[in-house]
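Asker: Give me the fold of what follows.
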Amino acid sequence: MPDPSASDKQPPQSQDHQPGEQSAMRPTPETIRDSYLGSGRLKGRSALVTGGDSGIGRAVAVHFAREGADVAIAYLEETDDARETERMIRAEGGKCLLLPGDLGHEDACRQAVASTVEAFGGLDILVNNAAEQHAVDSAGELTAEQVERTFRTNIFAYIYMAKAALEHLPEGGAIINTGSVTGVRGHKTLLDYAATKGAIHAFTFSLAQAYAEQGIRVNAVAPGPIWTPLIPASFPEDKVAQFGGSTLMKRAGQPSELGPAYVFLASEEASFITGQIIHINGGGHISA
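Answerer: Residues are numbered from 1 along each chain as shown. Below you'll find the predicted structure:
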């Protein structure tokens, strides 16, 4: 498992565009552990994971595949990362569908769902995970363009994807949203991002209430600081080197440490769980 010692922190690094590329990161994030043994929990099911090309989304997609699911991954334009995720899914024996596009627009969300249903013959699990964030030193730096873009990617897309998916999800289907510790505690430099994550949590609670009678469960996972491409694409090098140091475990988490939680929420083992948030944050995180 990842070494929690201070000497094992990620070195200073940055990327100049969002959501970033996993292939350029050092060290490379851990997607799944060899010790994770699939047991067919999702056999015969189909899933659509947004932001599935890298980071948490890749970990979710590969864990799902190891559990027997076919997985479609939606992503913005990171083709190399997406193809590597596809390779990993196919290595687990699952089918994979690549869906590039900007999910901030409702038409793209409808098309992603329709393509998944056509390719796999249905849709059982939706994972809303794609996100972007832009740090600012003060509220005065927030532009209308940035705020709208962050909300389009982080919450509008979740609503559009859920709206389209709910036309196809059967009884026993599941929606899992990726929230954040910032949606609960805020973050002094991620003002608009934290606001979208709070909205995701509220959306999760509300959608769970609206669809419980139809047998569709809606839950969320709220990560703390996780080592994904979004980090070097969001913060200066010195902040990246310190990332995760404020948790009780004194390190950033790995995507591999989140994947099993999504598997659980998607599986029959979680059949009595809806409208909940699983917090995976290394024991807490203070805004830095």
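
Asker: for Gly122, what are its contacts?
Answerer: Gly122 sits next to Ser46, His168, Pro170 when contact means C-beta atoms under 8 Å, 6 or more residues apart in numbering. Where C-beta positions appear, they are placed from N, C-alpha and C, glycine not excepted.

Asker: For PyMOL, what selects the buried ones among those?
Answerer: Remark: buried members of those, expressed as a PyMOL selection using 16 or more other C-beta atoms under 10 Å:
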select buried, resi 46+168
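
Asker: Just the ones in helices from the contacts of Gly122, please.
Answerer: Using DSSP state H, no member of the contacts of Gly122 falls in helices.

Asker: any idea which element Arg110 lies in?
Answerer: Arg110 is located in helix 106-120, with elements delineated by DSSP states H and E.

Asker: Revised request: answer the last question for Ala222.
Answerer: strand 217-223.

Asker: Run through who's touching that strand.
Answerer: Applying C-beta under 8 Å, 6+ apart, the set of residues contacting strand 217-223 is 56, 173-181, 183-184, 197, 200-201, 204, 207-208, 211, 253, 258, 261-262, 265, 270-271, 273-281.

Asker: Which ones among the residues you listed map onto helices?
Answerer: Judged by DSSP H, helices contain the following of the contacts of strand 217-223: 56, 183-184, 197, 200-201, 204, 207-208, 211, 261-262, 265.

Asker: Most neighbours among those, which one is it?
Answerer: The most crowded member of these, judged by other C-beta atoms under 10 Å, is Ile56 (32 neighbours).

Asker: Distance-wise, check that one relative to Thr274.
Answerer: The spacing between Ile56 and Thr274, counted by C-beta to C-beta, to the nearest Å, is 21 Å.

Asker: now do Leu126
Answerer: Relative to Thr274, and taking C-beta to C-beta, Leu126 is found at 14 Å.

Asker: what does Ile226 give?
Answerer: 24 Å.

Asker: Looking only at neighbour counts, state which of those two leads.
Answerer: Ile226 (26 against 21).

Asker: mind listing what the closest residue to the more buried one other than its chain neighbours touches?
Answerer: Excluding its sequence neighbours, the residue lying closest to Ile226 (C-beta to C-beta, 6 or more residues apart in numbering) is Gly253, at 4.6 Å. Counting by C-beta under 8 Å, 6+ apart, Gly253 makes contact with Pro2, Pro223, Gly224, Pro225, Ile226, Trp227, Gly244, Thr247, Ile280, Asn281, Gly282.

Asker: on that earlier part again, which residues does the helix or strand just after the strand holding Ala222 contact?
Answerer: Moving toward the C-terminus from strand 217-223, the next helix or strand (DSSP H and E) is helix 237-242. The contact list for helix 237-242 (C-beta under 8 Å, 6+ apart) reads Lys9, Gln10, Pro11, Pro12, Gln13, Ser14, Ile231, Pro232, Ala288.

Asker: Much appreciated, bye for now.
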